[in-house]
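Give me a 3D structure for the following:
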Amino acid sequence: MFAMLDLLIVGGGYVGLSAAVAVKQAAPHLSVEVIEAAPEGVWKKDPRASAIIAAATKMLEVFGIWDRIAPEAQPITRMIVTDSKTADPVRPVFLTFDGAVEEGRPFAHMIPNVAMVGALREACEKAGIAIRHGVRAVGFKNTGPAAELALSDGSVVAARLVVACDGVRSKLRDMAGIKTVTWDYGQSGIVTTVEHERPHEGAAEEHFLPSGPFAILPLKGNRSSLVWTERTADADRLVAADDLVFEEELERRFGHKLGWIRATGDRRAFPLGLTLAREFVAPRIALAGDAAHGIHPISGQGLNLGFKDVAALAETIVEADRLGLDIGDLNVLERYQTWRRFDTFRMGVTTDVLNRMFSNDFTPLRVLRDVGLGLVDRLPGLKSYFIREAAGMGQGQAPKLLAGEAI
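Below you'll find the predicted structure:
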C-alpha cells in the first residue's frame with residue numbers, strides 16, 4: 001500500500017512550482033507534492049532569463065515572493081519593432097510601445113531563471129510542499145478514485161489529481177493517451193547573453209529578419225538576453241562556431257546602437273515548432289505549461305501562457321474542493337479546459353501566422369506588413385489594447401491570481 005496525495009505535480013520548473021504554491025496557499029489542508037527528473041541543484045546553473053508579464057507579477061505578489069525577485073528584475077520600459085534585411089545599414093522603426101500598463105507597473109520584466117526558481121522553491125518549503133528530485137514518471141494508470149504513477153526509483157505514488165508540467169515533450173501526457181497536433185518550423189532559437197557598451201534604458205527590441213525574429217531583451221546592467229531565430233542548420237553552425245565568427249554574425253544583427261557588444265553566456269539552440277494538446281484534461285490528469293502547448297517565441301508569451309494555466313487550474317481545483325467536489329473528476333477539470341483552451345489556440349495560431357508572415361523576404365508581403373505596422377503605430381487606442389493584452393490585463397475573465405487577488 002502507498003499513501004494517497006491530493007495533488008501530485010510532475011515537473012519542477014516555473015509552472016510546476018507555481019501550481020504547487022498556488023493550490024497549497026489557498027487550500028493548506030490539501031497534500032501537494034512535486035517530482036522533478038533533474039538532480040537537486042541543477043536549476044542553480046541555468047544562465048537564462050525570461051520575460052514575465054505584468055499579470056504574472058501580480059500572481060507572484062500574492063505568493064509573497066515578488067519582493068525577493070524584484071531586485072533582480074529588469075523592467076521593460078519600451079518595445080521597439082523593426083522589419084529589415086540583415087545587410088540593411090539602417091533599420092527603420094515601424095512600431096513602438098510604451099512599457100507601462102498601470103502607474104508604476106511595466107507590461108513585463110526580464111527575470112533571471114535562477115531568481116525565479118529560487119523564490120518559488122522557498123515558497124514551496126515555507127508551505128510544506130515536498131520536492132523529490134531525480135525521479136521521473138514511467139507509468140500512469142487511472143484506477144477510478146485515483147491516478148497511480150510508477151516512478152523511476154521503483155516506487156508508486158497515488159493522487160486524486162496529477163498535473164503534467166513536464167515540458168513540450170511530456171512523457172506523462174503520452175502515457176495518459178492525450179494526443180497532440182505538432183509541426184516543425186525548420187527553425188531553431190539561439191539563446192545567449194551579451195554585454196554592451198551603452199545602457200539599454202529598459203528598451204526591448206524585436207528585429208524581424210528574413211530568417212526569423214531577433215529579439216534583444218534588457219537585463220540588469222549593460223547586459224541583454226537574446227532570442228535569435230535562424231534556420232536550424234544555420235543555428236547549429238553558429239552555436240558550434242568559434243567566438244570570433246559568432247560575434248561577427250551577432251554584430252551584423254545586433255547593430256551598433258549600444259556600442260561594442262560581447263557574448264558572455266553559454267549559447268544554446270532549441271528547435272522551434274508548434275505543439276497543441278488535443279485535450280488539456282483527462283480523468284485524474286491535467287496538462288499545464290509546455291505540456292499543453294508549445295508555441296513560437298516570436299511573441300514572448302510561451303512561459304506566460306503557462307502562468308495563465310496555473311492561475312486558472314489552481315482556482316478550479318480550490319473552488320471545487322471548497323464545494324466538496326472531487327478535484328480529479330473530469331467534470332471539474334472541464335472548467336479549466338474551457339477556460340484555457342481557446343486562449344491557447346488563439347495564441348498558437350497568432351504566433352504561427354506572425355512567424356510565417358515575417359520570416360521571409362517576399363517583397364509584396366514585406367510592404368504589406370510594414371504598412372500594417374505603421375498603421376498600428378499611429379493608432380494609440382489600438383496600441384494600448386495590444387499592450388494590455390500582451391501584459392495579460394485585457395478585458396476577458398482573468399483568474400483571480402492574475403488580477404492580484406487571493407483565491
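
wait, Ala398 sits on Arg388?
No - with contact defined as C-beta atoms under 8 Å, Ala398 does not count as touching Arg388 (11.2 Å). Just so you know, the C-beta spots here come from the backbone N, C-alpha and C atoms, and that holds for glycine as well.

where does this protein dip in pLDDT?
In the predicted model, the chain carries pLDDT under 70 at residues 1-2, 84-94, 99, 360-367, 369-377, 379, 382-383, 394-396.

Tell me the buried residues in the longest helix seen in it?
Longest helix in the chain by number of residues (criterion: DSSP state H): helix 330-358. Within helix 330-358, the residues scored as buried using 16 or more other C-beta atoms under 10 Å are 332-333, 335-337, 339-341, 343-344, 347-348, 351-352, 354-355, 357-358.

For the residue nearest the centre of the chain, give me its contacts.
In the chain, the C-alpha closest to the average C-alpha coordinate belongs to Leu303, at a distance of 0.8 Å (C-alpha atoms, centre = their mean). With contacts taken as C-beta atoms under 8 Å, 6 or more residues apart in numbering, Leu303 has the following neighbours: Tyr14, Val15, Ser50, Ala51, Ile52, Gly289.

make it 6 Å
If a contact means C-beta atoms under 6 Å, 6 or more residues apart in numbering, then Leu303 has Ser50 as its contacts.

That one is in what secondary structure piece?
helix 302-322 (DSSP states H and E).

in that helix, what's buried?
Counting neighbours by 16+ other C-beta under 10 Å, one finds that the buried residues in helix 302-322 are 302-321.

Contacts for the host helix or strand of Leu244, please.
Counting by DSSP H and E, the element that carries Leu244 is helix 243-254. By C-beta under 6 Å, 6+ apart, the list of residues contacting helix 243-254 from outside reads Thr86, Phe214, Leu238, Ile261, Ala263.

Okay, and which of those map to strands?
Phe214, Ile261, Ala263 (DSSP state E).

Could you identify which of these has the most neighbours?
For the ones in strands among the contacts of helix 243-254, neighbours were counted by other C-beta atoms under 10 Å; the highest total belongs to Phe214, with 23 neighbours.

Touching, it and His207? I think so.
Yes - at 4.4 Å, Phe214 and His207 qualify as touching, with contact defined as C-beta atoms under 6 Å.

So Lys171 versus Asp352, what's the distance?
When distance is defined by C-beta to C-beta, to the nearest Å, Lys171 is 25 Å away from Asp352.

wait, Val191
Look at Val191 and Asp352: by C-beta to C-beta, they are 21 Å apart.

what does Ser299 give?
The gap separating Ser299 from Asp352 is 11 Å, by C-beta to C-beta.

check contacts around Arg322.
Taking C-beta under 6 Å, 6+ apart as the definition of contact, Arg322 has no neighbours.

can you rerun that using 10 Å?
With contact taken as C-beta atoms under 10 Å, 6 or more residues apart in numbering, Arg322 is in contact with Ala26, Ala27, Ile407.

Which members of those residues occur in helices, if any?
Ala26.

about what we covered before: which of the ones in strands among the contacts of helix 243-254 lies closest to Gly128?
Gly128 lies nearest to Ala263 out of the ones in strands among the contacts of helix 243-254, by C-beta to C-beta, at 42.2 Å.

and the closest one, bridged to which residues?
Following DSSP bridges, Ala263 is listed with bridge partners Val194.

what's the answer for the one 5 residues further on, then?
Residues found in beta-bridge contact with Arg268 (criterion: DSSP bridges) are Val191.

swap in Leu209?
Per DSSP bridges, the residues bridged to Leu209 are Gly212.

Count the neighbours of it for me.
Using other C-beta under 10 Å, the number of residues around Leu209 comes to 23.
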